[in-house]
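S.K.: Return atomic coordinates for the entry below.
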Amino acid sequence: MHTIIKVGLIGFGRMGRFYLEEMQKSGRWEIAYICDTDPRSRELAKKLSPCSKVVENEQEILDDETVQVVGLFALADSRKEQIERAFRSGKHIISEKPIADTIEREWEAVKAAENTPFFSTTNLYLRNSWYHNFIKDCIDDGEIGELAIIRVCHLTPGLAPGEGHEYEGPSFHDCGMHYVDIARWYAGCDYKTWNAQAVRMWSYKDPWYLQCHGTFESGVVFDITQGHVYGQLSLVQTHNSYIDIIGTKGIVRMSHDFKTAVVELHGVSQTIREERPFGGKNIDVLCNLFANSVESGIRDPHLPTFRDSAIASEYAWKFLDDARSNDLPAIGDTQTLEKILQRRRTMKNGYGLLRSKYIIV
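M.R.: Predicted coordinates for the structure are as follows:
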């Protein structure tokens, strides 16, 4: 039998609701509190979790000595101070990424985490996916020889400029830092060289597409392509998302349609095609690993650290800075962006089905 862990959720937007749903399913969590400054979010919290105490002031959660874990799911500009206060209050922390709104503040949060006995983790969700762990096992088994090239692509319609994630940075930081992190996870070392090219789609102030290539300290070569620019106004939306791992002897790759992920291994002794449900943001896996850690008193080594998050964030910013030092064209106009934003307002949660057409995103 597992011990029930008492948690308070701070921030009840889209991600906060994801965590609530997975924690309710698991049966390992008592969601004692839900906090949000928006009265509409608080009303929704009362409906979705009637047994939770719904509050406007997060300090009420931090002052409750029976709360063991806090989840930090508001925007990034609030997280650094929340992290420091939560540790001072004796809480373990699950945080969304990035862990602060500037890299300097992120490293301050890392310092706080590494100087406390309390556990912390952040949602670098790709590390918790079945497909990346499956691929890693293929590499470790020697099926592709020496790791040589890591190619990552994630192009979707996705979050458009001005939709509320400004503290998390442009598309390549807010979303792209996941791919910066997973490439580094495969390489097992830090980036050494890079060259980036970006474009300011719809003449928005920040680039919304970026491609970067370079090397790791081990000599492994990488390229990462990311952007929420992929057919925003196309009649039927689509996407292009994959990872392609090339070794000296074989290859292993993954693609997905946000419902099903497919891994294909062309190895020296095996040819495998593995197909399973995609798994979304794998919040269930993260929460289960964290619950195990709190229950046992031993931090699970598979949990991403605040340091992992800060490193991925810092390199994402470096790649963006490099792109800005190169030619940074502006293509398209603000009128097109307004049409995109209007269309997304008619879509279900910004994703999924458009009311008048069936759209797969």
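
S.K.: So what's the residue count around A312?
M.R.: As a burial measure, A312 scores 27 neighbours (other Cβ atoms under 10 Å). For glycine as for every other residue, the C-beta is placed from the backbone atoms N, C-alpha and C.

S.K.: isn't there a helix covering it?
M.R.: Yes. Counting by DSSP: H, G, I helix; E, B strand; the rest coil, A312 falls inside a helix.

S.K.: beta partners of T121?
M.R.: I94 (DSSP bridges).

S.K.: Counting neighbours, what do you get for it?
M.R.: Neighbourhood size, T121 [other Cβ under 10 Å]: 24.

S.K.: Going along the chain, name the helices of the stretch 101-250 of the chain.
M.R.: With DSSP state H, counting those that start in this stretch as the criterion, the stretch 101-250 of the chain has helices at 103-113, 130-140, 171-174, 177-187.

S.K.: and the first one, what does it pack onto?
M.R.: In this case it means helix 103-113. Where contact means 3 or more Cβ pairs under 8 Å, 6 or more residues apart in numbering; DSSP states H and E, helix 103-113 is packed against helix 79-88, helix 306-325.

S.K.: Repeat that for the last one.
M.R.: Secondary-structure packing of helix 177-187 (3+ Cβ pairs under 8 Å, 6+ apart): helix 130-140, strand 147-155, strand 221-227, helix 306-325.

S.K.: on that earlier part again, is it possible to export the helices and strands packed on helix 103-113 to a markdown table including mean pLDDT and distance to G214?
M.R.: Output for those, formatted as a markdown table (pLDDT from 0 to 100; distance: least, Cβ to Cβ, whole Å):
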| stretch | mean pLDDT | distance to G214 |
| --- | --- | --- |
| helix 79-88 | 98 | 29 |
| helix 306-325 | 98 | 9 |
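
S.K.: Could I get the phi/psi values of V7?
M.R.: In terms of degrees, to the nearest 10, the main-chain angles of V7 are phi -130, psi 150.

S.K.: Specify the beta-bridge partners of it.
M.R.: I31, V69.

S.K.: ok, back up a step: Throw the helices and strands packed on helix 103-113 into CSV and include distance to H2, thanks.
M.R.: Below are these laid out as CSV (distance: least, Cβ to Cβ, whole Å):
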stretch, distance to H2
helix 79-88, 23
helix 306-325, 25
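
S.K.: if I look at R79, how far off is V110?
M.R.: 12 Å (Cβ to Cβ, to the nearest Å).

S.K.: quick one, which of the helices and strands packed on helix 177-187 is nearest to T122?
M.R.: Among these, the nearest to T122 by Cβ to Cβ is helix 306-325 (4.4 Å).

S.K.: which parts of that closest one are buried?
M.R.: For helix 306-325, the neighbour count (16 or more other Cβ atoms under 10 Å) marks 306-320, 322-323 as buried.

S.K.: mind exporting that helix as PDB, just the C-alpha atoms?
M.R.: Written as PDB, here are the backbone C-alpha positions of helix 306-325 (Å, rounded to 0.1, in the frame of the first residue of the first chain):
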ATOM      1  CA  PHE A 306      16.400  22.000 -11.700                       C
ATOM      2  CA  ARG A 307      20.000  22.000 -13.000                       C
ATOM      3  CA  ASP A 308      18.900  20.100 -16.100                       C
ATOM      4  CA  SER A 309      16.200  22.600 -16.700                       C
ATOM      5  CA  ALA A 310      18.500  25.600 -16.200                       C
ATOM      6  CA  ILE A 311      21.100  24.100 -18.600                       C
ATOM      7  CA  ALA A 312      18.500  23.500 -21.300                       C
ATOM      8  CA  SER A 313      17.100  26.900 -20.800                       C
ATOM      9  CA  GLU A 314      20.500  28.600 -21.000                       C
ATOM     10  CA  TYR A 315      21.400  26.800 -24.300                       C
ATOM     11  CA  ALA A 316      18.000  27.600 -25.800                       C
ATOM     12  CA  TRP A 317      18.700  31.300 -25.100                       C
ATOM     13  CA  LYS A 318      22.200  31.000 -26.500                       C
ATOM     14  CA  PHE A 319      20.900  29.500 -29.700                       C
ATOM     15  CA  LEU A 320      18.300  32.300 -29.900                       C
ATOM     16  CA  ASP A 321      21.100  34.900 -29.300                       C
ATOM     17  CA  ASP A 322      23.200  33.300 -32.000                       C
ATOM     18  CA  ALA A 323      20.300  33.400 -34.500                       C
ATOM     19  CA  ARG A 324      19.800  37.100 -33.700                       C
ATOM     20  CA  SER A 325      23.500  37.800 -34.500                       C
END
